[in-house]
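Engineer: any chance you can model this:
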Amino acid sequence: MENKSKLSRRNFVGTAAAGAAALTVVPGFNYAANAGTTKVRLGYIGTGIQSHGLLTSINKCPETVVLACCDVVTTKVEKFRKEAQALNDKKWVGENHQVTSYGLYRELLERKDIDAVVIATPDHWHAQIAVDAAKAGKDIYCEKPMALTVAEGRAMVNATRKYKRVFQTGNMQRSWRNFRHACELVQNGYIGEIKEINVSVGPPVKALDLPGFPTPETVDWDMWLGPSLYREYSPVLSPPVENPNFPMWRSYREFGGGMITDWGAHMFDIAQWAMGMDESGPVEFTPPAKHAVIGLQMKYKNGVVLNHKNWIDSGAVQFIGTKGKIEVSRSFLRSDPAEVVATEIKATDKHLYKSDDHYQDWIEAIKKRSRPISDVETGHRTASLCNIANIAYELQRPLKWDPKKEQFIGDAAANMMLTRAYRGQWNFLDF
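Structural biologist: Got it, this is the predicted structure:
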């Protein structure tokens, strides 16, 4: 991840922007010599636990080949490089596709033979890397939650549009049949007029309260922090490669948004989809009693109330209408009356974007130069809802939100929380 590249930051911006402008008028992929198939050449930025699952899934797309990977932890990037190389060798027999590892992500972005990048870093890096990738002419797959702040999300949208990139957010539940079916049933009125939506996910973000430890030699801690304010190293934030569990940086506001953004980016995303709010969001946020970490109420302009509510133990969404209810999670799709979920959507009903594979959908969008199922604007609106929820919990007062202007109404202090302070010379808005 970068600040030490052979190119200065200012020189990189100029060079990358020129390259990006050139790449916007041609496809971001080349035809392979192998049976005339189309190869999409990938670089992975961030090679922790999540990246290995992405590598396995995206490798199943027949067009993909990995050329590079990057991480600030040498042991993690080497483990990933070996795995990616083995997949390349098995998939592209007789061809020599070497996977090169980097410690500085902008060196990876300088490569002209990489068409697209997969961003699987902690959330505090998403905006800077995505904006730089767009400037460098790369298409983007970025893990959810898409952005750490509302301002960062909007910058990611603007950069994607300016440089004409294809951007898929990792809200992959949109590519699952049960979630799509639930949303189509809701949109077509099969449970009547929607009055209330209950989303069960974990608590909001909290302040960092971890003691500092000596930094391992394998970790470039300055680059791990990147644009975030300085904090001492903790193995809770960046555990050793041998640790099989997900790191817990996601719990702390300096680097993540708590379970509100982590699982909320999945479940609130489904609520937004069902409501037809992919380019909007709630207009009122009313937090519960002081110090509570559950019970936030959000209201849309049409009067529908969206609750952060533990109506069930696991992540799930409950739609309550005037004629019944629908409940959906990764393990069930059910309704009351029970026969509703067995209903087939009619040809004359409204149909949502159909994707059966989130990763192949991204690849097809790259080839067609179209927008995928979880486009950058969609990812931004879902992340915004989650980030604003955190603000409401922190301020402990009702907030009025203008989804069009993306500003709080009559609350200057809350508006200051739509962005964050940046360390050193990092500035994602520089494009």
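
Engineer: pull the contacting residues for residue 70.
Structural biologist: Neighbouring residues of residue 70 by Cβ atoms under 8 Å, 6 or more residues apart in numbering: 1, 43-47, 77, 101-105, 107-108. Glycine gets a C-beta too; all of them are placed from N, C-alpha and C.

Engineer: residue 383: which of the residues you listed is nearest?
Structural biologist: For the contacts of residue 70, the residue nearest residue 383 by Cβ to Cβ is residue 46; the value is 17.1 Å.

Engineer: how far away is the closest residue to residue 411 other than its chain neighbours from residue 303?
Structural biologist: Once flanking residues are discounted, residue 411 sits nearest to residue 399: 6.2 Å by Cβ to Cβ, 6 or more residues apart in numbering. Separation of residue 399 from residue 303 (Cβ to Cβ, to the nearest Å): 18 Å.

Engineer: which of those two has more residues huddled nearby?
Structural biologist: residue 399 (22 against 9; other Cβ atoms under 10 Å).

Engineer: pretty sure that one is touching residue 390, no?
Structural biologist: No. Between residue 399 and residue 390 there is no contact under Cβ atoms under 8 Å: 11.4 Å.

Engineer: longest helix in this structure, by residue count?
Structural biologist: The residue-count maximum for a helix in the chain (DSSP state H) belongs to helix 376-395.

Engineer: immediately after that helix, which helix or strand?
Structural biologist: strand 399-402 (DSSP states H and E).

Engineer: packing partners of that next one?
Structural biologist: When contacts are defined as 3 or more Cβ pairs under 8 Å, 6 or more residues apart in numbering; DSSP states H and E, strand 399-402 packs onto strand 284-286, helix 376-395, strand 407-408.

Engineer: and residue 275, which of these is closest to it?
Structural biologist: helix 376-395 (10.7 Å).

Engineer: ok, residue 337 - contacts?
Structural biologist: Contacts of residue 337 by Cβ under 8 Å, 6+ apart are residue 324.

Engineer: what of residue 88?
Structural biologist: Counted by Cβ under 8 Å, 6+ apart, residue 88 has contacts 65-66, 97-99.

Engineer: low-confidence ranges in this protein?
Structural biologist: Residue ranges of the chain with pLDDT under 70: 1-37.

Engineer: spatially central residue in it, please.
Structural biologist: residue 144 (2.3 Å; Cα atoms, centre = their mean).

Engineer: so what's residue 230 closest to, chain neighbours aside?
Structural biologist: The nearest residue in space to residue 230 (Cβ to Cβ, 6+ apart) is residue 423, at 6.4 Å.

Engineer: gap between that neighbour and residue 359?
Structural biologist: Residue 423 is 33 Å from residue 359, by Cβ to Cβ.

Engineer: next: residue 268.
Structural biologist: Taken as Cβ to Cβ, the span from residue 268 to residue 359 is 22 Å.

Engineer: who's more crowded, those two?
Structural biologist: A count of neighbours by other Cβ under 10 Å puts residue 268 above the other of residue 268 and residue 359, at 29 against 23.

Engineer: what's the helix or strand hosting the more buried one in contact with?
Structural biologist: Per DSSP H and E: residue 268 is located in helix 264-275. Here helix 264-275 makes contact (Cβ under 8 Å, 6+ apart) with 144-146, 171, 173-174, 179, 182-183, 186-187, 194, 197, 199-201, 257, 278, 281, 300, 304, 306, 308, 315-317, 319, 328, 352, 374, 378, 381-383, 385-386, 389.

Engineer: try it again at 7 Å.
Structural biologist: By Cβ atoms under 7 Å, 6 or more residues apart in numbering, the residues outside helix 264-275 that reach it are 144-145, 171, 173-174, 179, 182-183, 186-187, 197, 199, 201, 278, 300, 304, 306, 315-317, 319, 328, 381-383, 385-386.
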